[in-house]
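Enquirer: what would the 3D arrangement of this be:
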Amino acid sequence: MIVLDTHIWVWWVHGDEKLTSNQMEVIQANETDVIGVSAISCWEIAKLVELGRLELSTPLEKWFEQALSYPGIRIMELTPEIAAESTRLPGEFHRDPADQLIVATARILNCELVTSDERILNYPHVKTIG
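Expert: Residues are numbered from 1 along each chain as shown. Okay, the predicted model is just below:
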């Protein structure tokens, strides 16, 4: 099992060239297992669309329907354990609550987080694939 950072999920769905070959290989290798997406990623995408920072080729609800039908994709619920973990991440971590929840999700599920976010890649308390 792996967890995708929000931008990685969007890039994968859009076939974006920003997705590295390593990231694509890891995603494809997990299509028969579970590719987790934090529930907060749905909110992040909706906010990016609302703010005009992300354009989708279809209405938001249709995009979610399609993106959630990709092989292996499963929404990881925001549990009380993940919420608590997000507020006490070890060491120094930035204050973006969505990133805190995504990192906490990967930590609680004890799996790797696929991301291109340098702040997360440089955070030593979560296993990442960049």
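
Enquirer: C-alpha only now, for contacts and for neighbours.
Expert: Noted.

Enquirer: can you pull the phi/psi pair for V3?
Expert: phi -120, psi 140 (degrees, to the nearest 10).

Enquirer: actually I129, not the one I wrote
Expert: phi -130, psi 120.

Enquirer: isn't it up against T115?
Expert: Yes - between I129 and T115 a contact is recorded at 6.3 Å, counting by Cα atoms under 8 Å.

Enquirer: would you confirm that I40 belongs to a helix?
Expert: Yes - assignment of I40 by DSSP: H, G, I helix; E, B strand; the rest coil places it within a helix.

Enquirer: how close does I8 sit to F64?
Expert: 15 Å (Cα to Cα, to the nearest Å).

Enquirer: in terms of neighbours, single out the busier of these two.
Expert: I8 (25 against 14; other Cα atoms under 10 Å).

Enquirer: alpha carbons only: can I get stretch 20-28 in PDB?
Expert: Extracted as PDB, the C-alpha positions of stretch 20-28 are listed here (Å, rounded to 0.1, in the frame of the first residue of the first chain):
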ATOM      1  CA  THR A  20       8.500  10.900 -12.400                       C
ATOM      2  CA  SER A  21       9.100   7.500 -13.900                       C
ATOM      3  CA  ASN A  22       9.900   6.200 -10.400                       C
ATOM      4  CA  GLN A  23       6.600   7.600  -9.100                       C
ATOM      5  CA  MET A  24       4.700   6.100 -12.000                       C
ATOM      6  CA  GLU A  25       6.300   2.700 -11.500                       C
ATOM      7  CA  VAL A  26       5.400   2.700  -7.800                       C
ATOM      8  CA  ILE A  27       1.800   3.600  -8.600                       C
ATOM      9  CA  GLN A  28       1.500   1.000 -11.300                       C
END
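
Enquirer: and it, which residues are buried?
Expert: Q23, V26, I27 (16 or more other Cα atoms under 10 Å).

Enquirer: re the thing from before, what touches both of I129 and T115?
Expert: Here I129 and T115 have L121 as joint contacts, going by Cα atoms under 8 Å, 6 or more residues apart in numbering.
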